[in-house]
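In: could you look at this predicted model? Sequence included:
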Amino acid sequence: MLNKTVFITGSSRGIGLSMAKAFSEDGYFVIGTSRSQHDLEATLGSKNCLHLILDVTDRNAIKQALALLDAQSILPSVIVNNAGITKDQLFLRMKDDDWDQVINTNLTSVFNITKAFIKSMVKAREGRVINISSVAALMGNAGQVNYSASKAGIGGFTRSLAKEVAPRNITVNSITPGFIESDMTDALTEDQKFQIRSRIPSQTFGDPRNIADLAVFLASDKAQYITGQTISVDGGLYMS
C-alpha cells in the first residue's frame, strides 16, 4: 500500500484543482503548487494539505521544497506533473521566448520535479508518476508547435522512465486530455463550441473530474500493472 501523499503541480485551478480535490477525497495528504498564493485548505475544505508557491522551472526552488518536505517527513509517493502554459502563435511568427518558456514550463519541469522526488521512491521501492499531456501531442495543432512539441516530449519521457523504474515498483503513465471544460472553453463563442464538438464523437466537452478520477485510479494499487502508457481522455477525438 502506497504512502498516501501526493504532490500536484499547477493545482490552483482547472484540471490540477480537480485532481487535488479527488485525491483529497480519497484520503491523500495533498501537496499542491502554483506560482502564486492559493488557499488550498479553504478550496479543499480540509487541513490535510499543504500549498507551496513554486516555479517549476526553478531548480533551486524545487530543491528547497524537497528539503522542506523531507524535514517534515511528507515526501510524496505520488507525483502529478500538471503545470503547463500556452503561448500560441503561427510558427513563422513564433518568438524564441515563446518556444523556450513553453518547453521549460511544460516539459523541462517534468524532468525537474520527477528528478527531485524519484530517489525517495526508488529507496522506498514504491511510487507513481503521472504526467498530464494533451491531445495536441498526438494530433498536432496549428499555432501550437511549441505546445504540441512540449506535450509530445512527455510521452517519450513517460515510456523511457517507466522502463527504468518498473523493477522498483514505480509506475509512470501519461494522461492526454482532449477538450475539457475550462476558462478557455467558456470563452469560446457558441459557433466555435459547435465546430469543436462536431469533431468529437461523443459530441461533448469533458469534465475536469474525468481526468482527476483517472489520475486517482492510476495512483491506486488497482493500477499497479499499468505503466509506460499514454491514456487519452477526449471523447474519442483521437483514436490511435
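Out: Yep, it's here. Numbers count the residues shown, from 1 in each chain.
In: where does this structure have its least confident helix or strand?
Out: helix 183-186 (a mean of 75; mean pLDDT, DSSP states H and E).
In: got the CA positions of it in CSV?
Out: Extracted C-alpha coordinates of helix 183-186, given in CSV (Å, rounded to 0.1, in the frame of the first residue of the first chain):
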residue,chain,number,x,y,z
ASP,A,183,-11.9,29.0,-18.7
MET,A,184,-10.7,28.5,-22.2
THR,A,185,-13.8,26.7,-23.4
ASP,A,186,-16.0,29.2,-21.5
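In: in it, what's buried?
Out: Neighbour counts over helix 183-186 (16 or more other CB atoms under 10 Å) mark no residue as buried. For the C-beta atoms, the positions are set from N, CA and C on the backbone; glycine is no exception.
In: elements contacting that helix?
Out: Helices and strands touching helix 183-186, as assessed by 3 or more CB pairs under 8 Å, 6 or more residues apart in numbering; DSSP states H and E, are absent.
In: how far is it from where the chain is centred?
Out: How far helix 183-186 lies from its chain's middle: 19 Å, per CA atoms, centre = their mean, to the nearest Å.
In: neighbouring contacts of it?
Out: When contacts are defined by CB atoms under 8 Å, 6 or more residues apart in numbering, helix 183-186 is touched by residues 13-14, 179, 193, 205.
In: the residue of the chain most remote from its centre: what secondary structure?
Out: Note on the chain: the largest C-alpha distance from the chain mean falls to residue 191, namely 29.6 Å (CA atoms, centre = their mean). Secondary structure state of residue 191, per DSSP: H, G, I helix; E, B strand; the rest coil, is helix.
In: from residue 30, how far off is it?
Out: 39 Å (CB to CB, to the nearest Å).
In: how many neighbouring residues does residue 26 have?
Out: 16 (other CB atoms under 10 Å).
In: grab the nearest non-local neighbour of it.
Out: residue 216 (5.3 Å; CB to CB, 6 or more residues apart in numbering).
In: residues in contact with that neighbour?
Out: Here residue 216 is in contact with 19, 22-23, 26 (criterion: CB under 8 Å, 6+ apart).
In: residues in contact with residue 133?
Out: Per CB under 8 Å, 6+ apart, neighbours of residue 133: 151-152, 154-155, 174-177, 230.
In: go through the residues you listed and flag which are in helices.
Out: In helices, defined here by DSSP state H, the members of the contacts of residue 133 are 151-152, 154-155.
In: point out where this protein drops to low pLDDT.
Out: Applying pLDDT under 70 to the chain flags the ranges 1, 184.
In: distance of the most centrally placed residue in it from residue 236?
Out: Centroid-nearest residue in the chain, with CA atoms, centre = their mean: residue 82, separated by 2.3 Å. Residue 82 is 23 Å from residue 236, where distance means CB to CB.
In: before we move on, the earlier item: so which of the contacts of helix 183-186 is the closest to residue 121?
Out: residue 14 (26.2 Å; CB to CB).
In: now residue 76, what's its secondary structure?
Out: Residue 76 ends up coil, using three-state DSSP.
In: who's in contact with it?
Out: So residue 76 contacts 3, 5-7, 31, 69, 117 (CB under 8 Å, 6+ apart).
In: of these, which is the most crowded?
Out: Counting by other CB under 10 Å, top hit in the contacts of residue 76: residue 6 with 29 neighbours.
In: mind listing the residues bridging to the residue lying closest to residue 155 once chain neighbours are set aside?
Out: Among residues not flanking residue 155 along the chain, residue 230 sits closest, at 5.3 Å (CB to CB, 6+ apart). Residue 230 forms beta bridges with residue 174, as assigned by DSSP bridges.
In: I appreciate the help and will end here.
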